[in-house]
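**Student:** give me coordinates for this.
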Amino acid sequence: MPYVRTTVNGQSVEREVQARVLLSDFLRHELNLTGTHVGCEHGVCGACTVLVDDKPVRACLMLAVQASGKSVRTVESLARPGEPLSPVQAAFKRHHALQCGFCTPGILMSLTALLEQRDACVKERAVDALRGHLCRCTGYRNIMAAVEEICAEPEEAGHGAG
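**Tutor:** Numbering: from 1, shown residues only. Below you'll find the predicted structure:
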């Protein structure tokens with residue numbers, strides 16, 4: 001069986017896995033990082049979005065072995081227990097931008113990637129980053145209010161944070 005040698009949320013990880021194991025399953029079942037949600041399993045809903053080498057990736061479409069040698073960040077990396085929320089999480093909280101929360105981790109990761117690109121957070125680019133995310137509860141109004149806040153104050157949003 002092949003090995004996965006990667007960094008997940010800043011920690012080195014090495015595990016033997018079957019070649020067909022998806023990154024989403026590896027994160028959830030092998031590493032117990034259950035914030036990565038699995039919705040459609042076809043890459044359509046965006047719930048499983050994680051950052052691989054700082055770029056949003058659908059974890060349900062990537063094999064775990066493809067993450068070897070790469071850096072993976074999940075929603076758990078945004079704020080450790082006892083630490084303040086990340087700027088994106090705090091904006092979501094202030095604007096009540098979630099209801100059931102199932103889609104939230106993937107949306108947070110896509111917006112985090114956008115914010116970490118210098119001078120990239122403008123409303124139009126944020127809307128484009130959210131196009132591949134389905135939310136059946138909020139109607140997006142509160143999500144867009146949070147997006148407008150974080151794009152309006154980029155320095156407080158943590159450009160370059162990692």
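**Student:** and stretch 26-34, how far from the chain's centre?
**Tutor:** 14 Å (CA atoms, centre = their mean, to the nearest Å).
**Student:** can you list contacts of that stretch?
**Tutor:** 4, 8-9, 13, 15, 17, 21, 36, 38, 50, 59, 64, 67, 72, 74, 76 (CB atoms under 8 Å, 6 or more residues apart in numbering). For glycine as for every other residue, the C-beta is placed from the backbone atoms N, C-alpha and C.
**Student:** could you pull out the helices in the protein for me?
**Tutor:** Taking DSSP state H as the test, the helices found in the chain are 23-25, 87-94, 104-115, 123-130, 141-152.
**Student:** show me the one of those helices that comes nearest P81.
**Tutor:** helix 87-94 (13.1 Å; CB to CB).
**Student:** by how many degrees do that closest one and helix 141-152 diverge?
**Tutor:** For helix 87-94 against helix 141-152, the angle by axes from the mean of the first three to the mean of the last three CA atoms, to 10 degrees is 140 degrees.
**Student:** helix 87-94 packs against which elements?
**Tutor:** The helices and strands touching helix 87-94, judged by 3 or more CB pairs under 8 Å, 6 or more residues apart in numbering; DSSP states H and E, are helix 104-115, helix 141-152.
**Student:** other residues contacting that helix?
**Tutor:** Helix 87-94 has contacts (CB under 8 Å, 6+ apart) with 78-79, 84-85, 97-98, 104, 108, 111-112, 115, 143, 146-147, 149-150, 156-158.
**Student:** now for the helix or strand of the chain with the lowest mean pLDDT, which elements pack on it?
**Tutor:** None of the helices or strands of the chain scores lower by mean pLDDT, DSSP states H and E than helix 123-130, at a mean of 80. Here helix 123-130 touches helix 104-115, helix 141-152, going by 3+ CB pairs under 8 Å, 6+ apart.
**Student:** re earlier: hmm, which of the contacts of stretch 26-34 are the buried ones?
**Tutor:** 4, 8-9, 13, 17, 21, 36, 38, 50, 59, 64, 67, 72, 74, 76 (16 or more other CB atoms under 10 Å).
**Student:** I appreciate the help and will end here.
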